[in-house]
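>>> Take a look and give me a structure for this.
(chains A and B)
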Amino acid sequence: DAMVIQNPRYQVTQFGKPVTLSCSQTLNHNVMYWYQQKSSQAPKLLFHYYDKDFNNEADTPDNFQSRRPNTSFCFLDIRSPGLGDAAMYLCATSRESMAGGPFTQTYEQYFGPGTRLTVT
Amino acid sequence: EDQVTQSPEALRLQEGESSSLNCSYTVSGLRGLFWYRQDPGKGPEFLFTLYSAGEEKEKERLKATLTKKESFLHITAPKPEDSATYLCAVYDSWGKLQFGAGTQVVVTP
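Below you'll find the model as predicted:
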């Protein structure tokens, strides 16, 4: 089945120790997203890739970086995790078209199971 | 300002007790309203997309409807396995998917 896969499902890191979360997809979607979700809150978009183009949200801390080496994979790097970065990190994908203008054809996003990050 | 508001925040139902969840939105040029189900500790699971007022979608005990200002998710004769948080989302003016805070539904036997 086509899907979005995230690894690991649970990650424990120490304060200030870099950590990388990974996401892969078999949907062949051109857009990939990273969200942060804290308890009982809505997912918050960190950044997304439209094909190879990286789009950072204005309020995403510099501590968060992302890489997309190919269509199928995307990584979230947290350079120096703080206690406030403990959260669920969600990867999502969608198939979108810019024909007719930016994001004029918008489709549903499919989410992975998430990675629960704990910072000690 | 683009906003998505869901109500109620929480809903406790007896098995078989039908109810509706509300999602109201203020966004110009709606480019899709999406409903998701999220179980604790998991990613949101896509349920429905609605694009235009009057549109309806159904899946098992769930039915989503859309008007110009709001959407409803009707749960008919719910079962305990329908317990989850239900999220709605719309694309805002910047092309970003904006989520409501969700409605936590608990269905008791």
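>>> drop to CA atoms for contacts and neighbour counts, all remaining ones
Fine.
>>> the strands in the chain, which residues?
Because you didn't say which chain, this covers chain A. Under the criterion DSSP state E, chain A carries strands at the ranges A:4-7, A:10-13, A:19-25, A:31-37, A:44-50, A:53-56, A:64-67, A:73-78, A:87-94, A:110-111, A:115-119.
>>> Chain B is the one I meant
All strands of chain B, identified by DSSP E, fall at B:3-7, B:10-14, B:19-26, B:33-38, B:45-50, B:56-59, B:62-66, B:70-75, B:84-91, B:97-99, B:103-108.
>>> Make TSV from those and add distance to residue A:85, mean pLDDT and mean neighbour count to it.
TSV is the format used below for these (distance: least, Cα to Cα, whole Å; pLDDT from 0 to 100; neighbours: other Cα atoms under 10 Å in any protein chain shown):
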stretch	distance to residue A:85	mean pLDDT	mean neighbour count
strand B:3-7	25	93	18
strand B:10-14	26	97	15
strand B:19-26	29	96	20
strand B:33-38	21	96	22
strand B:45-50	24	94	20
strand B:56-59	36	96	14
strand B:62-66	35	97	20
strand B:70-75	33	97	21
strand B:84-91	23	95	25
strand B:97-99	20	90	23
strand B:103-108	24	98	19
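>>> Pipe the strands of chain A into CSV and attach distance to residue B:12 and mean neighbour count per row.
What follows is those, written out as CSV (distance: least, Cα to Cα, whole Å; neighbours: other Cα atoms under 10 Å in any protein chain shown):
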stretch, distance to residue B:12, mean neighbour count
strand A:4-7, 31, 20
strand A:10-13, 30, 14
strand A:19-25, 35, 21
strand A:31-37, 24, 23
strand A:44-50, 26, 21
strand A:53-56, 38, 14
strand A:64-67, 38, 17
strand A:73-78, 37, 19
strand A:87-94, 25, 25
strand A:110-111, 26, 24
strand A:115-119, 27, 21
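>>> Considering only chain B, name the residue that lies closest to chain A.
The minimum distance from chain B to chain A, using Cα to the nearest Cα, falls at residue B:43 (4.4 Å).
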